[in-house]
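Asker: show me the folded form of this:
(chains A, B, C and D)
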2 protein chains.
Amino acid sequence: MPRATIDDVAGLAGVSIKTVSRVVNNEPNVRQSTREKVLGAVRALNYRPSAPARSLAGDRSYLLGLLYDNPSANYITDVQYGVLASCREQGYDLLIHPCDCQQAGICEEITGLVGHSNMDGVLLTPPLSDSRIIVDALERAQIPFVSIAALQTGRRAAGVVTDDRRAAFSMTEHLLSLGHSRIGFICGHPQHRAMAQRLEGYRDALQAAGLAVADSLVVQGYNSFESGQAGARRLLQRKKPPSAIFAGNDDMAAGAVMVAHQMGIRMPAELSIAGFDDIPLARQIWPTLTTVQQPIKAMAQAATQLLIGILRAAPRTDIEAVIPSRLIVRESTAVAG
Amino acid sequence: MPRATIDDVAGLAGVSIKTVSRVVNNEPNVRQSTREKVLGAVRALNYRPSAPARSLAGDRSYLLGLLYDNPSANYITDVQYGVLASCREQGYDLLIHPCDCQQAGICEEITGLVGHSNMDGVLLTPPLSDSRIIVDALERAQIPFVSIAALQTGRRAAGVVTDDRRAAFSMTEHLLSLGHSRIGFICGHPQHRAMAQRLEGYRDALQAAGLAVADSLVVQGYNSFESGQAGARRLLQRKKPPSAIFAGNDDMAAGAVMVAHQMGIRMPAELSIAGFDDIPLARQIWPTLTTVQQPIKAMAQAATQLLIGILRAAPRTDIEAVIPSRLIVRESTAVAG
DNA sequence: AACCCAATTGACAGCGCTGTCAATTGGGTT
DNA sequence: AACCCAATTGACAGCGCTGTCAATTGGGTT
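Answerer: Okay, here's the model as predicted:
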């Protein structure tokens, strides 16, 4: 049997299609008895509104986009999970779009994608959320968006963040409390604002402890496992290597762990390593990683709710929701040897 | 300026909207000169057909769904990547839908999802592809689908697989050639056909080498890291533990590696461990995993192409494309000590 | 009882395409 | 030159909804 349409429901309930539409969309000003009659017919016919018809008539698609940069694979799974949870709850569907942040014409690609699938709005993850040209392009094209990341300064937009700086501060304190005074730091990608915040938190804690921030103990990474390996190698080959390494994310920390294994350095006895994010990998390598549990799913959910709210109501802007993260101590950190 | 419609293009090109439609959809029987005139207007106006309007009028949505079971996170990233690549190429969008295979009412949930978003077809990954009730439901609802997995026996359907049995055979041979004669095996989920194939390959190789398949060396796992840990613990606590462990996938192999670390067993000197899939994790743990590189992205791409082909042409069924996989030897396997 | 006005309901156009089928075109054939 | 027929083009309905605005309802008020 073919799918029931709004006309079928209206016929069975003995009302006009407009009234069915009102009930289905939870609009006000429908008598309770009428609402029940319609809902009965909806159930009887197993009616589900046609998404394209709604979309065409109502000029909104109930479709959100999730844009992300390719390599961030480990992190994005959790983001997807959170976003989908909120989408389903609210009757939205989700299109995912990995894209290459660096690529020429990325802005046209993104606005093209959004236009073609006519999404109602998009969710942005770092590093896309940190790109001025991409955010500019979205604003110019008047595409509603929410960042799952810190807002760019001076931007009228909405975002959901965690307290990166404070969490990095706590992690550094943790290492200091274990007696480490030479703590290496592997920075994340220089263009990711969250990564800059984490470096700040590290610096703050050292200063608060009265220690100098040695340039030789801070190396540049690029968020990837491989860049973590490279960074750790540089740190561990110094004349006076650090007794602890704090990496800007878990992927890089895992790379550092790998290098330590290869160099025959025992962890945590001879070297403590800490990460940030608490991706599944943090529990799957040995020693398991002490890290900062970032509530990625919760952040993604909150961002999605925010976006849907913006789509429904008048655009509220300048919103930055902060969801706190917490320290998880596992096997990779211990008292300095 | 508002988005250009088919009428705008028709007006500018001086033809009817039907002709524009023909050109845009690459239909035959349009004079070359007309086609060029229309394409010129399309470019001039930056015209992009409205997805919902097409969908409503043409009764197809250019939307595919990718269904997968929640926990398979590590594997699904690659699948998504491959599927998306093919989708973009062909002008399709992708909706992703994690779902819980075990949950009551899963069939209604799936057909509901597909109906609501009115997808043209769906891609199935294991274990969904191995569930008779789910595949039955899709067939009953006449939803076109392709499995990124072996077909269920006796089923008229299409799927893309790799040569699981032969690859497992090769891996076992590899371990045998290193002098291991007591090789433990951690099975994958009993309801995943691919996992059963891998066990068969392991058995084949032992038999081919004239060795008995000891029941005590085969333990049941459930694909997860944790189940790999449990399985490895059981194997290594035997009076005569194996000198090598072959796990049905990399997640379980990684779990085994973790257990060996915790028990103070040196790898690969005292214990060789091998996995299957070559997920990123295989390179991120220490020692790096010897494994079977499954061409997941290629399989996903092939499956997507197959599905789109089926949607376009008359439904071809009974197709099983086989994409070969290959052995990757890393640090986790070595000559028996 | 007549009236009023907010609450409720419905008629109908129109969103931007594709499918159907009829009309037109134009080069080859007699 | 008249005709024919495949190739090409176009007219128009209709997909299933929502938005707009007008019509109706019905309880409170005078």
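Asker: just give the number of residues close to A:N223.
Answerer: 25 (other CB atoms under 10 Å in any protein chain shown). For glycine as for every other residue, the C-beta is placed from the backbone atoms N, C-alpha and C.
Asker: surely it meets A:N249?
Answerer: Yes: at 5.8 Å, A:N223 counts as touching A:N249 under the criterion of CB atoms under 8 Å.
Asker: mind listing the shared neighbours of the two?
Answerer: A:188, A:195 (CB atoms under 8 Å, 6 or more residues apart in numbering or on different chains).
Asker: tell me the secondary structure of A:I186, please.
Answerer: The three-state assignment at A:I186 reads strand, by DSSP: H, G, I helix; E, B strand; the rest coil.
Asker: gap between it and chain B?
Answerer: 15 Å (CB to the nearest CB, to the nearest Å).
Asker: cool, and A:L113?
Answerer: As judged by CB to the nearest CB, A:L113 and chain B stand 9 Å apart.
Asker: do you know the pLDDT at that residue?
Answerer: For A:L113, the pLDDT comes out at 83.
Asker: for it, give me its contacts.
Answerer: A:65, A:97.
Asker: how about the secondary structure of the closest residue to A:R234 other than its chain neighbours?
Answerer: Nearest non-adjacent residue to A:R234, counting by CB to CB, 6 or more residues apart in numbering or on different chains: A:V219, 5.2 Å away. The three-state label given to A:V219 by three-state DSSP is strand.
Asker: pretty sure A:V219 contacts A:G184?
Answerer: Yes: A:V219 is in contact with A:G184 according to CB under 8 Å; the separation is 7.1 Å.
Asker: looking at these two, which is more packed in?
Answerer: A:G184 (27 against 22).
Asker: chain neighbours aside, what residue packs nearest to the more buried one?
Answerer: Closest to A:G184 by CB to CB, 6+ apart is A:P242, at 3.6 Å.
Asker: go on, A:V218?
Answerer: A:F185 (4.8 Å).
Asker: ok, so what distance separates that neighbour from B:A205?
Answerer: For A:F185, the distance to B:A205 equals 48 Å [CB to CB, to the nearest Å].
Asker: and for A:A141?
Answerer: In terms of CB to CB, A:A141 sits 58 Å off from B:A205.
Asker: the more surrounded of those two?
Answerer: B:A205 (23 against 15).
Asker: with chain B in mind, check whether stretch A:93-100 reaches it.
Answerer: Yes: judged by CB under 8 Å from any CB of the partner chain, stretch A:93-100 and chain B are in contact via A:93-98.
Asker: in that stretch, what's buried?
Answerer: By neighbour count on 16 or more other CB atoms under 10 Å in any protein chain shown, the buried set for stretch A:93-100 is A:93-99.
Asker: can you check stretch A:302-322 too?
Answerer: In stretch A:302-322, counting by 16+ other CB under 10 Å, buried: A:302-308, A:310-311.
Asker: can you map out the strands along the stretch 51-200 of chain A?
Answerer: Assigned by DSSP state E, counting those that start in this stretch, the strands in the stretch 51-200 of chain A fall at A:63-69, A:93-99, A:121-124, A:145-147, A:158-161, A:183-187.
Asker: partners of the third one in the sheet?
Answerer: Each strand pairing with strand A:121-124, determined using DSSP bridges, is listed with its direction: strand A:63-69 (parallel), strand A:145-147 (parallel).
Asker: so what touches it?
Answerer: A:64-67, A:83, A:110, A:114, A:134-135, A:138, A:143-149, A:300, A:303-304, A:307, A:310-311.
Asker: make it 6 Å
Answerer: A:64-67, A:144-147, A:303, A:307, A:311 (CB atoms under 6 Å, 6 or more residues apart in numbering or on different chains).
Asker: likewise the first one?
Answerer: Strand A:63-69 is contacted by residues A:76, A:83, A:92-98, A:101, A:114, A:119, A:121-125, A:127-128 when judged by CB under 6 Å, 6+ apart.
Asker: that one near DNA strand D at all?
Answerer: No: on the criterion CB under 7 Å from any atom of the strand, strand A:63-69 is out of touch with DNA strand D, staying 14.4 Å away.
Asker: quick one, that strand and strand B:93-99 angle?
Answerer: 90 degrees (axes from the mean of the first three to the mean of the last three CA atoms, to 10 degrees).
Asker: what is the mean pLDDT for strand A:63-69?
Answerer: 92.
Asker: then the fourth one?
Answerer: Taken as a whole, strand A:145-147 carries a mean pLDDT of 93.
Asker: circling back: okay, the strands paired with strand A:121-124, which one's buried deepest?
Answerer: Counting by mean count of other CB atoms under 10 Å in any protein chain shown, strand A:145-147 has the highest mean neighbour count of the strands paired with strand A:121-124, with a mean of 27.
Asker: next, the contact list for the residue of the stretch 151-300 of chain A found nearest DNA strand D, please.
Answerer: In the stretch 151-300 of chain A, no residue comes nearer to DNA strand D than A:A158, which is 22.6 Å away by CB to the nearest atom of the strand. Going by CB under 6 Å, 6+ apart, A:A158 touches A:146, A:306, A:319.
Asker: relative to chain B, how far out is the residue nearest to the spatial centre of chain A?
Answerer: Nearest to the mean C-alpha position of chain A, counting by CA atoms, centre = their mean, stands A:I148 at 4.5 Å. Per CB to the nearest CB, A:I148 is found 17 Å from chain B.
Asker: and that residue, what does it touch?
Answerer: If a contact means CB under 6 Å, 6+ apart, then A:I148 has A:125, A:160, A:299-300, A:303 as its contacts.
Asker: so which of the residues you listed comes closest to A:S227?
Answerer: Using CB to CB, A:T125 is the member of the contacts of A:I148 that lies nearest A:S227, at 18.6 Å.
Asker: what's that closest one in contact with, if anything?
Answerer: A:68, A:79, A:148.
Asker: same for the helix or strand hosting A:T304, what does it pack against?
Answerer: Of the helices and strands defined by DSSP states H and E, A:T304 is found in helix A:296-312. Taking 3 or more CB pairs under 6 Å, 6 or more residues apart in numbering or on different chains; DSSP states H and E as contact, the helices and strands that helix A:296-312 lies on are helix A:73-89, strand A:121-124, strand A:145-147, strand A:158-161.
Asker: and among these, the most buried is which?
Answerer: Among the helices and strands packed on helix A:296-312, highest average neighbours (mean count of other CB under 10 Å) belong to strand A:145-147, with a mean of 27.
Asker: and for that strand, what are the contacting residues?
Answerer: Contacts of strand A:145-147 (CB under 6 Å, 6+ apart): A:121-124, A:129, A:138, A:158-159, A:303, A:306-307.
Asker: dump those into TSV; add pLDDT as well.
Answerer: Shown next, in TSV, are the contacts of strand A:145-147 (pLDDT from 0 to 100):
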residue	pLDDT
A:G121	93
A:V122	95
A:L123	96
A:L124	94
A:S129	91
A:L138	91
A:A158	85
A:G159	90
A:A303	94
A:L306	91
A:L307	92
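Asker: closest one of those residues to DNA strand D?
Answerer: Once CB to the nearest atom of the strand is applied, the member of the contacts of strand A:145-147 that ends up nearest DNA strand D is A:G121, at 15.8 Å.
Asker: wait, A:G255 sits on A:G231?
Answerer: No: between A:G255 and A:G231 there is no contact under CB atoms under 6 Å: 7.5 Å.
Asker: tell me which parts of the stretch 1-150 of chain A are close to DNA strand D?
Answerer: So the stretch 1-150 of chain A meets DNA strand D at A:2-3, A:5-7, A:17-18, A:21, A:24-25, A:47, A:49-50, A:53-54, A:56-59 (CB under 7 Å from any atom of the strand).
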